[in-house]
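Trainee: Quick one, fold the following:
(2 chains)
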Protein chains: 2
Amino acid sequence: MINPLSSPLLADLYEYTMLQSYIEHGLEETAVFEFFVRRLPPGRNFMVAAGLEQALGFLENLAFSAEELDWLSQRFPPHVIHYLKNFHFTGDVHAMREGTLFFPNEPIVRVTAPLPQAQLVESRLMNLLNFETLIATKAARSVLTAPDKLLVDFGMRRAHGAEAGLLAARASYLAGFAGTATVLAGMLYDIPVFGTMAHSFIQAHDDEAVAFEHFARSHPNNTILLIDTYDTEAAASKVVSLGAKLREQGITVKAVRIDSGDLAEHARQVRRILDDGGLKEITIFASGNLDEYQLHALLASAAPIDGFGIGTALDTSSDAPSLDCAYKLQEYAGRPRRKRSEGKATWPGRKQVYRNYTTDGQMVGDVLALEEHDAHPGEALIHPVMRAGRRVEPQLPIMALRQQVLTAYTHLPEALRGLEIGPAYRVEVSSALQKLAGQVDRSDL
Amino acid sequence: MINPLSSPLLADLYEYTMLQSYIEHGLEETAVFEFFVRRLPPGRNFMVAAGLEQALGFLENLAFSAEELDWLSQRFPPHVIHYLKNFHFTGDVHAMREGTLFFPNEPIVRVTAPLPQAQLVESRLMNLLNFETLIATKAARSVLTAPDKLLVDFGMRRAHGAEAGLLAARASYLAGFAGTATVLAGMLYDIPVFGTMAHSFIQAHDDEAVAFEHFARSHPNNTILLIDTYDTEAAASKVVSLGAKLREQGITVKAVRIDSGDLAEHARQVRRILDDGGLKEITIFASGNLDEYQLHALLASAAPIDGFGIGTALDTSSDAPSLDCAYKLQEYAGRPRRKRSEGKATWPGRKQVYRNYTTDGQMVGDVLALEEHDAHPGEALIHPVMRAGRRVEPQLPIMALRQQVLTAYTHLPEALRGLEIGPAYRVEVSSALQKLAGQVDRSDL
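Mentor: Reported below is the predicted structural model:
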């Protein structure tokens, strides 16, 4: 059986054509690749590193099944199949901790391994790191826009496939969301799961009030009623009428959800109807094509909404559905390397990032430096996380990582926390690194 | 073991809270849900239906593992777990064939099953149909823009997770691409796989020409050389020098790839260098942040490029990363249903779509009608594909589906084939369906 999420064949064909040529020509010395993002996505002031956990899981379990080897053997010569037969990833990984706020050109993951290994894992590492970082970065914007609201990921149905739905739930929770609607994400990642009802539940009943009552009796401790199927305000009145009856049965309606129309206006009307009906404790939850800009507008209008389901815009990072990211060879066989393609030049060598803070804890600038003989003041952000194919330390529970991210936001300069583009955060390239880049350029010519 | 791609827990929590309430209140009669798209994505003139194969596979294999039931049993009462224990999908599915061109409000998949079943599968069906249709629709634009060029999916690394990379390869091939770089997609879906080399291959060598020669000797029948790592035109000259030497060894370089800079200008220079060097048979392949608009511009400038790798923009459908799609209850217990939420009203009942053509085979308009007692002239697009949980007929090989799509494009009105927005294709709602909608509205009040 092929597991598409862990198969080494989840790779671009060129990883295999190159691997063949590497082993045929003895290019098996140590290579150093770094994953970084070239530019901030449009509208963003910073990024949130995510996906390391899945990337390490991929590396740790990398192996070929008989079925996969058989398929490859029809396309590659026997010595390649022999090489892959007992293939394991035996390299080292250095990385920023998940949830670290980072900026363009700062590596968030470094892979150090024999060239064929470090090359083979390229496509899937990029696939995982690009996506989770993309979503954590998008989710952070909603969290910073509405820090006191309950934010729930509702996006799985329009996420790009199963894994996107799951990883979007994980990445948005990491970035500060309260949880997700996706059940399997709750099970796999131990994050809170939220759920209400769909319009079909109401429509399947001949009477909306009966639908509400049925749901309340099935879920007496978690009654959240969707009230916009026919007429939102009329439904709110039905909730009030029903409220007394349910209270007699010991059931308290917890919340109502509005999913269409002018959410602010409906929320105000509904709030008034509920309050007038003595149901001040019922909260209002809103959903329906929301993103951080609409959150901002709803909050600015003081709409009485307590929580938000954010779906498609979050899970697809709709305004910036990819990162301009790269996984580039920075050193091979002890010599630094540099790509110089137009508009895509990279910084050579193994790098460290140092972060500096003001005395009151505000981030003031980073230094991109060489790992060795180029120490700078500040917090070193890149740590060893895997040695010889095994994790250095167990992963922190995601709840703890999430807490670290919420703390990290408090260190962000105020001007970078909002939806507007703030002044560029300063990332200085150390003089040693600049010098090395110049040397590599000259030696290549 | 949980398989995230087939787990029934890959669902929104509300599917389960509703299911509980349905079975507690005896709402287990036949429900009819239809999947459709409300609006064309921005810039699109039509859509290409895709994802049915994966949707049917999901339904056919739906079952709960002991581990999944155990997790659920901590959150749902025993009678729900009992209901799920031997759960199978026993319903019917009607659908448009994969690759059918379709328009807003036309259902592409209809599910007819006991309400709790038809409800439970909502999230994953939407997740699959939304994504593959999205990508096939995006890919069609490149295919129609450059029908005579070799188009290859290069996008897995920035696709949203593993399944997105795989399904994007499948959907773009279905829509007319020549193949993909993603190895596992080739293995799972039997589609052609293409690959060259990365910049790291060149960089790992101390000398670019040596890198070229190493690669050529490893892949004598499929030598495609990446020439933009340092200086594109200088590299093209190295290919010429190398060409003679390789010919002596019986190796012919097949193509060169350019991945950065002004692709048209580089292609012209490189073409001239190759032609002057007597290497007219070497083709030029281009990649690097391409989409259908850049294809159009490159073709308009008569750039001598023979094939294109299209990556991120394709696999993320970057200009429109989701469809405004819905899976809505249209009938329950024999009675048509209609959602009337603002801006989201639906057409009730089980529907058929009839397509009409001019005498020379050009599509002229569709009729959205009721399935029964509402026949219209034209080709009926919706067919039974699953009965009682089993497929009605084996799926066509994807190569055959792809051929049907290429044929379907020839029936599209000329004005809808380009990148410009053409006149809206006419989709008429039958008078019987309009009448039914009015009746449902009145009966609900």
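
Trainee: helix/strand/coil for residue A:111?
Mentor: strand (DSSP: H, G, I helix; E, B strand; the rest coil).

Trainee: hey, what's residue A:386 bridged with?
Mentor: Residue A:386 forms beta bridges with residue A:93, residue A:391, as assigned by DSSP bridges.

Trainee: Quick check: it vs residue A:395, distance?
Mentor: In this view, residue A:386 and residue A:395 are 11 Å apart by C-beta to C-beta, to the nearest Å. Backbone N, C-alpha and C define where each C-beta goes, glycine included.

Trainee: Between these two, which contacts overlap?
Mentor: Common neighbours of residue A:386 and residue A:395, using C-beta atoms under 8 Å, 6 or more residues apart in numbering or on different chains, are residue A:56.

Trainee: Once you drop chain neighbours, what's closest to residue A:115?
Mentor: residue A:31 (4.1 Å; C-beta to C-beta, 6 or more residues apart in numbering or on different chains).

Trainee: ugh, wrong one, residue A:131
Mentor: Nearest non-adjacent residue to residue A:131 (C-beta to C-beta, 6+ apart): residue B:160, at 5.0 Å.

Trainee: count of residues packed around that neighbour?
Mentor: 31 (other C-beta atoms under 10 Å in any protein chain shown).

Trainee: Next: residue A:204.
Mentor: Residue A:204: 25 neighbours (other C-beta under 10 Å).

Trainee: Contact partners for it?
Mentor: A:211, B:22, B:27, B:31, B:115, B:329, B:332, B:337.

Trainee: for residue A:217, same thing?
Mentor: Taking C-beta under 8 Å, 6+ apart, one finds A:249, A:251, B:21, B:24-25 in contact with residue A:217.

Trainee: from those, which ones fall inside helices?
Mentor: Among the contacts of residue A:217, the members found in helices (DSSP state H) are B:21, B:24.

Trainee: Drop anything exposed from the contacts of residue A:217.
Mentor: A:251, B:21, B:24-25 (16 or more other C-beta atoms under 10 Å in any protein chain shown).

Trainee: Nearest to residue B:320, out of the residues you listed: which one, please.
Mentor: residue B:21 (35.8 Å; C-beta to C-beta).

Trainee: thinking the closest one is in contact with residue A:212, fair?
Mentor: No - using C-beta atoms under 8 Å, residue B:21 makes no contact with residue A:212, being 10.6 Å away.

Trainee: Which residue of residue A:386 and residue A:395 possesses the greater neighbour count?
Mentor: residue A:386 (24 against 15).

Trainee: Can you give me the pLDDT of the more buried one?
Mentor: The score at residue A:386 is 98. That number is its pLDDT.

Trainee: Can you give me the distance of it to residue A:84?
Mentor: 21 Å.

Trainee: Also residue A:360?
Mentor: On the measure of C-beta to C-beta, residue A:360 and residue A:84 end up 54 Å apart.

Trainee: Looking at these two, which is more packed in?
Mentor: Applying other C-beta under 10 Å to residue A:360 and residue A:84 shows that residue A:84 carries more neighbours, namely 21 against 6.

Trainee: Work out for me the element the more buried one sits within.
Mentor: helix A:78-85 (DSSP states H and E).

Trainee: now that helix, how far from the centre of its chain.
Mentor: From the chain centre to the centre of helix A:78-85 is a distance of 35 Å (C-alpha atoms, centre = their mean, to the nearest Å).

Trainee: got the buried residues for it?
Mentor: A:80-81, A:83-84.

Trainee: With respect to chain B, which of the residues you listed is nearest?
Mentor: residue A:80 (9.5 Å; C-beta to the nearest C-beta).

Trainee: for the residue of the stretch 51-200 of chain A found nearest chain B, what are its contacts?
Mentor: Residue of the stretch 51-200 of chain A nearest chain B, by C-beta to the nearest C-beta: residue A:195 (2.7 Å). Counting by C-beta under 8 Å, 6+ apart, residue A:195 touches A:181, A:183, B:12-17.

Trainee: Then residue A:121?
Mentor: A:11, A:58-59, A:62, A:89, A:111.

Trainee: Can you lay out these as TSV showing pLDDT?
Mentor: Compiled in TSV, the contacts of residue A:121 are given as follows (pLDDT from 0 to 100):
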residue	pLDDT
A:11	98
A:58	98
A:59	98
A:62	97
A:89	98
A:111	98
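
Trainee: Between which two of those is the distance greatest?
Mentor: Largest separation among the contacts of residue A:121 by C-beta to C-beta: A:11 and A:111, giving 14.2 Å.

Trainee: re the thing from before, the residue nearest to residue A:131 against residue A:162, yeah?
Mentor: No - using C-beta under 8 Å, residue B:160 is not in contact with residue A:162; the gap is 10.4 Å.

Trainee: Need the contacts of residue A:121 in CSV (columns: neighbour count, distance to chain B and secondary structure).
Mentor: CSV is the format used below for the contacts of residue A:121 (neighbours: other C-beta atoms under 10 Å in any protein chain shown; distance: C-beta to the nearest C-beta, whole Å; DSSP: H, G, I helix; E, B strand; the rest coil):
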residue, neighbour count, distance to chain B, secondary structure
A:11, 26, 6, coil
A:58, 22, 10, helix
A:59, 23, 15, helix
A:62, 18, 14, coil
A:89, 24, 17, coil
A:111, 25, 11, strand
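
Trainee: between those, which is closest to residue B:150?
Mentor: Using C-beta to C-beta, these come closest to residue B:150 at residue A:11, 21.1 Å.

Trainee: nearest residue to the closest one other than its sequence neighbours?
Mentor: Nearest to residue A:11 is residue A:123, by C-beta to C-beta, 6+ apart, at 4.4 Å.

Trainee: tell me which element that neighbour is part of?
Mentor: Assigned by DSSP H and E, residue A:123 falls in helix A:122-145.

Trainee: Just after that helix, pick out the following helix or strand.
Mentor: Following helix A:122-145 toward the C-terminus (DSSP H and E): strand A:150-153.

Trainee: CA atoms only for the helix or strand that contains residue A:186, dumped as CSV, please.
Mentor: Using DSSP H and E, residue A:186 falls within helix A:183-189. Extracted in CSV, the C-alpha atoms of helix A:183-189 (Å, rounded to 0.1, in the frame of the first residue of the first chain):
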residue,chain,number,x,y,z
VAL,A,183,-12.9,16.4,13.4
LEU,A,184,-9.8,14.5,12.1
ALA,A,185,-7.5,17.5,12.9
GLY,A,186,-8.8,17.3,16.5
MET,A,187,-8.0,13.7,16.7
LEU,A,188,-4.6,13.8,14.9
TYR,A,189,-3.2,17.0,16.4
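
Trainee: Show me what it is packed up against.
Mentor: Under the contact criterion of 3 or more C-beta pairs under 8 Å, 6 or more residues apart in numbering or on different chains; DSSP states H and E, helix A:183-189 touches helix A:162-174, helix B:13-24.

Trainee: Centre of the chain to it, how far?
Mentor: That offset, for helix A:183-189, works out to 15 Å (C-alpha atoms, centre = their mean).

Trainee: what is the mean pLDDT for it?
Mentor: Taken as a whole, helix A:183-189 has a mean pLDDT of 98.

Trainee: on that earlier part again, SS state for the residue of the stretch 51-200 of chain A closest to chain B?
Mentor: coil.

Trainee: out of everything not next to it in sequence, what's closest to it?
Mentor: Per C-beta to C-beta, 6+ apart, closest to residue A:195 is residue B:13, 2.7 Å.
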